[in-house]
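# with the sequence up front, the predicted model follows.
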Amino acid sequence: MQQKQMNIELRSKTGKGSNRKLRLAEMVPGVVYGKGIDPMPISIKYRDLQTAVAGEGNQNNLITLIGGGSLDQSLVIVADIQRDAVKGTYRHVDLHRVNMNEKIRLNVPVILKGTAIGVKEGGLLDFAHHELHVECLPANIPAGIEIDITSLAIAHSIHVSDVKAPEGVKLLDNPKTPVVGVLGRAKEEAATTEAAA
């Protein structure tokens, strides 16, 4: 998890027309919300938002807001980013103001390490859950949760209960949920093809 800064401006106008004008000016409309405050509409330079969510952990970076009146120096994380379905460009962002002394819940990416022995033997990797739902203090937000899959054999899976969470991080997903496994399908399909030939 990295800490970034981002300049913002409060906006008085909302709605489709106003948002369209902002995007034409290379700005991204957004909203800041959190405990004890009313949702506050803001705008951000496209490039500033791009920089703030770049790097490890992406939108789980802690961001200090610069400007925005009463929001100045607030710490936030990105709760949601809407993207253009075709271009992939940012269309809207929701920012959640956080308190460093209060735990938050968010999704973090799963990072697979190594090559499963079952894949080397012809199995097919089944990466079922690319993210895990966690609870932690903002200072403990991990960039990702690493899972070593080198010893994963065909017909075996790693479940949430098998995953070791970083210190200060609690996993909230069902412990029985499979995160990653190796199927024997690739090997079986090859055998079937050979038999048919």
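Now that the structure is in, tell me what you want to look at.
# which residues are in contact with the one residue sitting closest to the centre of the chain?
The C-alpha lying nearest the average C-alpha coordinate of the chain belongs to residue 108 (C-alpha atoms, centre = their mean; 5.0 Å). In this structure, residue 108 makes contact with 57, 60, 131, 132, 134, 141, 142, 143, 144, 145, judged by C-beta atoms under 8 Å, 6 or more residues apart in numbering. Any C-beta I mention is one placed from the backbone N, CA and C, and that applies to glycine too.
# cutoff 7 Å now
The neighbours of residue 108, taking C-beta atoms under 7 Å, 6 or more residues apart in numbering as the test, are 60, 131, 132, 134, 142, 144, 145.
# ok, now residue 79?
Residues touching residue 79, when contacts are defined by C-beta under 7 Å, 6+ apart, comprise 94, 95, 96.
# try 6 Å
Contact analysis of residue 79 by C-beta atoms under 6 Å, 6 or more residues apart in numbering lists 94, 96.
# same thing with residue 69?
Residues near residue 69 by C-beta under 6 Å, 6+ apart: residue 10.
# in what element of secondary structure is residue 158 found?
Assigned by DSSP states H and E, residue 158 belongs to strand 157-159.
# give me the domain ranges for the chain.
Using automatic domain parsing, the domain ranges for the chain come out as 3-97, 104-196.
# ok, back up a step: helices or strands next to the next helix-or-strand element following the strand holding residue 158 in the packing?
Scanning the chain past strand 157-159 towards its C-terminal end, the next helix or strand to appear is strand 170-171 (assignment: DSSP H and E). Using 3 or more C-beta pairs under 6 Å, 6 or more residues apart in numbering; DSSP states H and E, the elements in contact with strand 170-171 are strand 131-136.
# mean confidence (pLDDT) on the strand it packs on, please.
Averaged over strand 131-136, pLDDT sits at 96.
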